[in-house]
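J.: okay, sequence plus prediction incoming.
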Amino acid sequence: MNWFVEKIERFINSFDTKNEGFSGRKLSAFFGVFISGFITAKYCTNESLNNILIIWLIFVAFCLGLLTASQIISFRNGKPEDNNTD
């Protein structure tokens, strides 16, 4: 039970400027997954499920910083990403 109370306190401290809370990116991704899961379960049909899940996973990756807007634009334009550190 003490573990649960600690997690709740860290969650509440996330909305303050204290260092004891969770990070904003993790909270954004968590709420993105939570809300998208609810909306997907409530309103999606089987035909649109694949497209909806791809959109939500990209949103979560964007919230966590795993994916940037420039990477999306370069992928869409077909330009290869230059990872050369010469």
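T.: Sure, I can see it.
J.: residue 35 and residue 63: what is the separation?
T.: 12 Å (C-beta to C-beta, to the nearest Å). Heads up, the C-betas are built off the backbone N, CA and C, glycines and all.
J.: quick one: which of the two has more around it?
T.: residue 63 (19 against 12; other C-beta atoms under 10 Å).
J.: ok, now which ones touch that one?
T.: 25, 28-29, 32 (C-beta atoms under 8 Å, 6 or more residues apart in numbering).
J.: would you mind checking those for buried ones?
T.: Neighbour counting with 16 or more other C-beta atoms under 10 Å marks 28-29, 32 as buried within the contacts of residue 63.
J.: just the residues you listed: which are in helices?
T.: 28-29, 32 (DSSP state H).
J.: possible to save these as TSV with distance to residue 48?
T.: Output for these, formatted as TSV (distance: C-beta to C-beta, whole Å):
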residue	distance to residue 48
28	24
29	22
32	18
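J.: nearest to residue 54, of those residues?
T.: residue 32 (13.7 Å; C-beta to C-beta).
J.: for that closest one, give me the pLDDT.
T.: As predicted, residue 32 sits at a pLDDT of 76.
J.: same check on the one 3 residues further on?
T.: The model reports residue 35 with a pLDDT of 83.
J.: which helix or which strand is home to it?
T.: helix 24-43 (DSSP states H and E).
J.: what's in contact with that helix?
T.: 14, 49, 52-53, 56, 59-60, 63-65.
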